[in-house]
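Peer 1: coordinates for the following, if possible.
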Amino acid sequence: MKARIILPLLLLLSFGLAGSAQAPLPQRPVCEVLRTEKPIKVDGILDDASWAKTPFMGPFLNNRDGSPSPLTTEVKVLYDDKFLYFASRFVDDNIWATMKRRDDHLWTEEVVEVFLQADPRQTSYIELEVNPLGTLIDIFLLDIRKPLHYESWNSEKIQWAVHVDGTVDGKPGDKEWTCEIALPMEDIVPAPNIPPKTGDRWRLNMYRVEQLPEKASLAWSPTGSDFHKPGLFGEIVFTDRRVP
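Peer 2: Numbering: from 1, shown residues only. Predicted structure coming up:
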């Protein structure tokens, strides 16, 4: 009699656990990276001719479950022998940030984040963040959530800039903010080839964190509740196709 009671209970529990499991995340995205023939002028204004001829990486989704987001987020990537370039555009009615010191914990406010693992055979990766005030954090991690001390590694030649159409005070009435980052190739020391060769594949993910009017965490390649999952990052593939 006890066995008959326990078995249905176990079945009910197993079905309940299965029903509460997180839905599978979307397939990992892949983006081909074009080569720019002219260095990008990093001023936060996305008016370089090369950007106009570069396609967007793809939609940004809610990081936790991969569902669509109503927030307009556009990102592009280019490279040359010296830099890997990122251009981001975020439509935002309530742009907000307060931190102005390099290597502050920018992820607690509104920010764009870049995670790059150039060699998946190694555990190290680079994390970059820029907020709407133009504050930067650059981190070299030896393994998942094991960074060098923040102030002990600062990229010497990194370039970054933002442009804000509005005010950075969290009040309604803003339009958007844009960001450009030029990461020096010489900083990407784990990469098998510097500069990368045609066909090289690196892991990359980009995130957008919003706080106002509502919290949101968006990703190019959703990773669930934790940003630090290199195995779930998307991929960039370097090509010999060029943009002027």
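Peer 1: run a quick neighbour tally on Asp47.
Peer 2: By the criterion of other C-beta atoms under 10 Å, Asp47 has 10 neighbours. Glycine gets a C-beta too; all of them are placed from N, C-alpha and C.
Peer 1: so it, which of the three states?
Peer 2: Here Asp47 is recorded as coil under DSSP: H, G, I helix; E, B strand; the rest coil.
Peer 1: quick one: it and Met206, what's the gap?
Peer 2: With distances taken as C-beta to C-beta, to the nearest Å, Asp47 is found 21 Å from Met206.
Peer 1: find the centremost residue of the protein, please.
Peer 2: Centroid-nearest residue in the chain, with C-alpha atoms, centre = their mean: Met206, separated by 1.2 Å.
Peer 1: who does that one form a beta bridge with?
Peer 2: The bridge-partner assignment for Met206, based on DSSP bridges, gives Val114.
Peer 1: which residues sit in contact with it?
Peer 2: Under the criterion of C-beta atoms under 8 Å, 6 or more residues apart in numbering, the contact list for Met206 reads Met57, Phe60, Val75, Phe86, Ser88, Val112, Glu113, Val114, Phe115, Ala219, Trp220.
Peer 1: what about 6 Å?
Peer 2: By C-beta atoms under 6 Å, 6 or more residues apart in numbering, the contact list for Met206 reads Val75, Val114, Trp220.
Peer 1: confirm for me that Phe115 is in contact with Glu129.
Peer 2: No: in terms of C-beta atoms under 6 Å, Phe115 does not count as a neighbour of Glu129; the distance is 9.7 Å.
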